[in-house]
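Participant: need a 3D model of the sequence below.
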Amino acid sequence: MIRPNAPSVAPPPEGQIRYKLTVSYDGTTFHGFAKNPDVETVEGLLIEALQKVLGKAPTLTCAGRTDAGVHAKAQIVSFDSAPFEINRIQKALNALCYPSVVINSIEETPDDFNARFSAKSRTYRYQILNQAHPDPFLSRYTWHVYSPISIEKMNTAGQKLLGQHDFSSFCRKNIMEIDGQKVAASLIREIKTLHWEVPDKNLIELWVTANAFCHQMVRSITGTLVDIGVGKIDEFSILEILNARDRNMAGQVAPPHGLTLWDVNY
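Facilitator: Residues are numbered from 1 along each chain as shown. The predicted model follows:
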């Protein structure tokens, strides 16, 4: 299994403990997870709240930097701090972050734990409302697609993406600087499971687990499979799209609000 760019993890400073937060959030009003000046982000809110209750703003590491509008059921965040009383701090943080962000748990971890690099896999869920008219009670968490969708075609095509591949056709390029040289980051990832479900009438869900995901990978795969499901793209062309390693070959990018970071496995 490939673990992209996984460095050794330094232990906490002397006298400090490494903590792990499990965080849920509605991403509708946030400009993504990562802190960004002048806009509201999940990380920015967490740092502000932690500074108020701990007296110091810690450096946070997360399992996955979700984009603007993307939600999380169990985002994992780690940071170092002087010891504190967990129940009291959790209650204080939830009072400050409510209602859009909730800290479900706080745990002490081993010194070598890192929310990003210790993760073995991440699972995302994408929800689609497939009916003629939208539903205002689902609009924040589903992509409304009015054309009939073939689950069978999407599942058949999706199985071709299982395993380790270069997912350049489904990801934004990420340029890194190494020894003063700008190079494209590897977009090789391993998809472990991918399947579509119909949990309720007119509600369709994509569940996908991989060792890691590159930028917009799940949304691009979702949009391409939906294009196959509605007949815009032939289901047997998915391997051609994958092997092309060309972003222009894939279908549309699904909107962010249907996507939820569901689980991180360690």
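Participant: going forward, measure contacts between C-alpha atoms and count neighbours the same way
Facilitator: Noted.
Participant: can you pull out the helices in the stretch 1-150 of the chain?
Facilitator: With helices called from DSSP state H, counting those that start in this stretch, the stretch 1-150 of the chain shows them at 42-54, 86-97.
Participant: nearest to Pro256, out of the ones you listed?
Facilitator: Minimum separation from Pro256 across the helices of the stretch 1-150 of the chain (Cα to Cα) falls at helix 42-54, 15.3 Å.
Participant: does anything pack onto that closest one? Which helices or strands?
Facilitator: Other elements packing on helix 42-54 under the criterion 3 or more Cα pairs under 8 Å, 6 or more residues apart in numbering; DSSP states H and E are helix 86-97.
Participant: contact partners for Ala92?
Facilitator: Val53 (Cα atoms under 8 Å, 6 or more residues apart in numbering).
Participant: for the protein, where's the lowest mean pLDDT among helices and strands?
Facilitator: None of the helices or strands of the chain scores lower by mean pLDDT, DSSP states H and E than strand 175-178, at a mean of 60.
Participant: any weak-confidence spans in the stretch 51-200 of the chain?
Facilitator: Scanning the stretch 51-200 of the chain for pLDDT under 70 picks out 175-183.
Participant: which residue ranges of it form strands?
Facilitator: Along the stretch 51-200 of the chain, counting by DSSP state E, counting those that start in this stretch, strands occupy 61-62, 71-81, 101-108, 121-129, 143-144, 163-166, 175-178, 181-184, 188-200.
Participant: would JSON lines of the ones you listed with mean neighbour count be doable?
Facilitator: As requested, the strands of the stretch 51-200 of the chain are arranged in JSON lines below (neighbours: other Cα atoms under 10 Å):
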{"stretch": "strand 61-62", "mean neighbour count": "20"}
{"stretch": "strand 71-81", "mean neighbour count": "23"}
{"stretch": "strand 101-108", "mean neighbour count": "17"}
{"stretch": "strand 121-129", "mean neighbour count": "22"}
{"stretch": "strand 143-144", "mean neighbour count": "21"}
{"stretch": "strand 163-166", "mean neighbour count": "15"}
{"stretch": "strand 175-178", "mean neighbour count": "11"}
{"stretch": "strand 181-184", "mean neighbour count": "10"}
{"stretch": "strand 188-200", "mean neighbour count": "16"}
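Participant: any chance of those strands in CSV, plus distance to Phe236?
Facilitator: CSV is the format used below for the strands of the stretch 51-200 of the chain (distance: least, Cα to Cα, whole Å):
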stretch, distance to Phe236
strand 61-62, 37
strand 71-81, 31
strand 101-108, 41
strand 121-129, 22
strand 143-144, 24
strand 163-166, 17
strand 175-178, 31
strand 181-184, 29
strand 188-200, 17
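Participant: hey, which of the helices of the stretch 1-150 of the chain is tucked in deepest?
Facilitator: Of these, the one with the most neighbours on average (mean count of other Cα atoms under 10 Å) is helix 42-54, at a mean of 18.
Participant: and this structure, what are its domains?
Facilitator: Following automatic domain parsing, the chain resolves into domains at 17-108, 123-265.
Participant: out of these, flag the one nearest Ala115.
Facilitator: Closest to Ala115 of the domains of the chain, according to Cα to Cα: domain 17-108, at 4.9 Å.
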